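Student: What follows is a predicted protein model with its sequence.
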Amino acid sequence: MKKEKVKSDFYEVVIVGAGLSGIGAAYHLKETCSHLKFTILEARASVGGTWDLFKYPGLRSDSDMYTFGYAFHPWKNPKAIADGPSILKYINETADIFNIREHIQFNKKVISSSWSSSTKKWTIEVECSTTHEKKIVQTNFLFMCSGYYNYENGYEPEFPNFEAFKGIKIHPQKWDTNLDYKNKNVIIIGSGATAITLLPELAKKAKEVTMLQRSPTYIMNLPSEDVVANFLKKILPAKLAHKISRWKNILFSIGFYRASRKWPKTVKNFLKKNIKKQLGGKYEDQHFNPKYKPWDQRLCLVPDNDLFKTLKDKKAKIVTDTIRSFTTDGITLNSGEHLPADIIITATGLKVQLFGGMKITVDGTPIDINTTHAYKGVMLSEIPNFALAIGYTNASWTLKCDLNCQFIAKVLNHMKQNNYSVCTPKFDPKKLRSERLLDFDAGYILRASNVLPKQGSKTPWKVHQNYIKDLFSLKYSRVTDKYLEYQ
């Protein structure tokens, strides 16, 4: 029987993902590498990535929009800590203003990518998300902007007797927008940004909301509007005001992070003192006294005291304890207390999944990403013509992604100018040690230790969590060194 021939399309660059980083990557290609034909393959039916996927009440950024937004498209909304729908609108607006949408192929999920040294091309297997028909796309250069987590399912621990609960169980990643929580007892399991966002929003309608945490998280209160930025917008041209506000927030973020690492006790006391001030007599230390140091895990932002204002109300509370067992109508804790519930929300985090689960082979050999090393946090050792956009853990995601995109645009131009067809980072294990990729103890990172690539012991294999260092390493550096091999 004759094998059916699969149609093949060719692009010089393929971007995977039309979320925040994918749209940013497309802008830089159009701006800097206009000679290159590119496309964006997006598994979903719309632009936005994370901001299109998540629908839970109160969804918002936990970074200010002057750094979380694009440097090339100033954020105009007066709210610096923005809600999800506003961010999604902003990403769509960016795609339209810069004519990026015309390059996007929607409902195209990348299944696998295979590099051939003989053809010097990637062969990408793509499946239509609606019809399940498959096609082949070929490219010289593959740029992964698909994020770092599993879009299909969030992370849920194995809870004792979880199936006993007869009420509604839901993970925020799979939120049902028709869920009626009015006058219901709601338990949110978790203490991270999602739980802290959900509590004040659900408490507006629910009978009682309980945030059940195993251990507390560091929380910092900030105004949702940046007073300085809004003032600068009134007296300066929009682009200049945005640039100054952006740098103000970048420098504050770097300074606060460094202070947290150098003087952890001082910063911890500062954060706790602020919470005590907001809660007054409602403050209970066990709920706000993390066992780890500031920025060992990501610090959570609370805009306009919304969490603390809600906790003063009798309709919401925090319980710090561990789960003994689920019951038909709630949760029994190891302290013996029983928490009644009609709805239980498992805000327990994400499942790390690189490249949307795409399988990668180089010359027929499957690649285990865990054995590769990150070159400047943007390319991977021994994988030719391949890049990824991954953001910071201690600052705005977009800051690092933007620098990654600028660096790759320079690499592509260098290849064009010198008639190179292949660029491969080469890690030397004889001269460099392998190290854990991130000095970060968030649960989703620790669970992914066997999935993430490594970093090296020296530059350019060190993955910095510092925008200033990366600015010089990526934007203002040359794209030639002894570890980057061009052919």
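Tutor: Right, received. Where do you want to start? Remember, predicted model here, so these are calculated numbers, not experimental data.
Student: any chance you could map the strands in the stretch 151-300 of the chain?
Tutor: Taking DSSP state E, counting those that start in this stretch as the test, the strands found in the stretch 151-300 of the chain are 168-170, 185-189, 208-213, 219-222, 300-303.
Student: and the third one, how far from the chain's centre?
Tutor: This means strand 208-213. Distance of strand 208-213 from the chain centroid (C-alpha atoms, centre = their mean, to the nearest Å) equals 25 Å.
Student: now the angle from it to strand 185-189?
Tutor: 20 degrees (axes from the mean of the first three to the mean of the last three C-alpha atoms, to 10 degrees).
Student: Show me what strand 208-213 pairs with in its sheet, parallel or antiparallel.
Tutor: strand 185-189 (parallel), strand 316-320 (parallel) (DSSP bridges).
Student: What ranges in the stretch 1-150 of the chain fall below the confidence cut-off?
Tutor: 1-7 (pLDDT under 70).
Student: all strands of it, in order?
Tutor: Counting by DSSP E, counting those that start in this stretch, the strands of the stretch 1-150 of the chain are 8-16, 38-41, 104-105, 108-116, 121-128, 134-144.
Student: okay, those strands in JSON lines with mean neighbour count and distance to Gly281 next?
Tutor: For glycine as for every other residue, the C-beta is placed from the backbone atoms N, C-alpha and C. Conversion of the strands of the stretch 1-150 of the chain to JSON lines gives the following (neighbours: other C-beta atoms under 10 Å; distance: least, C-beta to C-beta, whole Å):
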{"stretch": "strand 8-16", "mean neighbour count": "20", "distance to Gly281": "52"}
{"stretch": "strand 38-41", "mean neighbour count": "24", "distance to Gly281": "53"}
{"stretch": "strand 104-105", "mean neighbour count": "18", "distance to Gly281": "54"}
{"stretch": "strand 108-116", "mean neighbour count": "19", "distance to Gly281": "53"}
{"stretch": "strand 121-128", "mean neighbour count": "19", "distance to Gly281": "58"}
{"stretch": "strand 134-144", "mean neighbour count": "21", "distance to Gly281": "51"}
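Student: Of those, which is nearest Asp180?
Tutor: For these, the distance to Asp180 is smallest for strand 108-116, at 32.7 Å, taking C-beta to C-beta.
Student: and the closest one, how far out from the chain's middle?
Tutor: Counting by C-alpha atoms, centre = their mean, strand 108-116 comes out at 22 Å from the chain centroid.
Student: Kindly export it (C-alpha atoms) in PDB.
Tutor: The C-alpha trace of strand 108-116 is given here as PDB (Å, rounded to 0.1, in the frame of the first residue of the first chain):
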ATOM      1  CA  LYS A 108      -1.400  23.800  15.400                       C
ATOM      2  CA  LYS A 109       0.100  21.700  18.100                       C
ATOM      3  CA  VAL A 110       3.800  20.700  17.700                       C
ATOM      4  CA  ILE A 111       4.200  17.000  18.400                       C
ATOM      5  CA  SER A 112       7.900  16.400  17.500                       C
ATOM      6  CA  SER A 113      10.900  18.100  16.000                       C
ATOM      7  CA  SER A 114      13.800  16.400  14.300                       C
ATOM      8  CA  TRP A 115      17.100  18.000  13.300                       C
ATOM      9  CA  SER A 116      19.000  16.600  10.300                       C
END
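Student: what's next to it, contact-wise?
Tutor: For strand 108-116, the external contacting residues (C-beta atoms under 8 Å, 6 or more residues apart in numbering) are 16, 41-43, 121-129, 134, 142, 146, 355-356, 358-364, 383-386.
Student: Lys135 and Thr123 touch, don't they?
Tutor: No: judged on C-beta atoms under 8 Å, Lys135 makes no contact with Thr123 at a distance of 11.2 Å.
Student: what residues are shared contacts of these two?
Tutor: Common neighbours of Lys135 and Thr123 (C-beta under 8 Å, 6+ apart) are Ser8.
Student: What residues sit buried inside stretch 150-159?
Tutor: For stretch 150-159, the buried set under the neighbour-count rule, 16 or more other C-beta atoms under 10 Å, comprises 150-151, 154-155, 159.
Student: for those residues, which one is nearest Asp368?
Tutor: The closest of the buried residues of stretch 150-159, once distances to Asp368 are taken by C-beta to C-beta, is Asn150, at 18.0 Å.
Student: wait, doesn't the closest one sit right on Val352?
Tutor: Yes: in this structure Asn150 lies within contact range of Val352 using C-beta under 8 Å: 7.4 Å.
Student: and which of the buried residues of stretch 150-159 is nearest His242?
Tutor: Tyr151 (31.0 Å).
Student: For the closest one, list the residues it contacts.
Tutor: Counting by C-beta under 8 Å, 6+ apart, Tyr151 has contacts 43-44, 53, 353, 356.
Student: Which pair of these spans the longest distance?
Tutor: Farthest pair in the contacts of Tyr151, by C-beta to C-beta: Arg44 and Gln353, 15.1 Å.
Student: so where do the strands sit in the stretch 301-450 of the chain?
Tutor: 316-320, 323-327, 330-333, 338-340, 343-346, 359-362, 365-366, 374-375, 379-380, 386-388, 423-425, 434-435.
Student: and the angle for the second one with strand 185-189?
Tutor: Yep, that's strand 323-327 we're talking about. Using the same axes, to 10 degrees: strand 323-327 against strand 185-189 is 140 degrees.
Student: for the record, mean pLDDT for strand 323-327?
Tutor: Strand 323-327 shows a mean pLDDT of 96.
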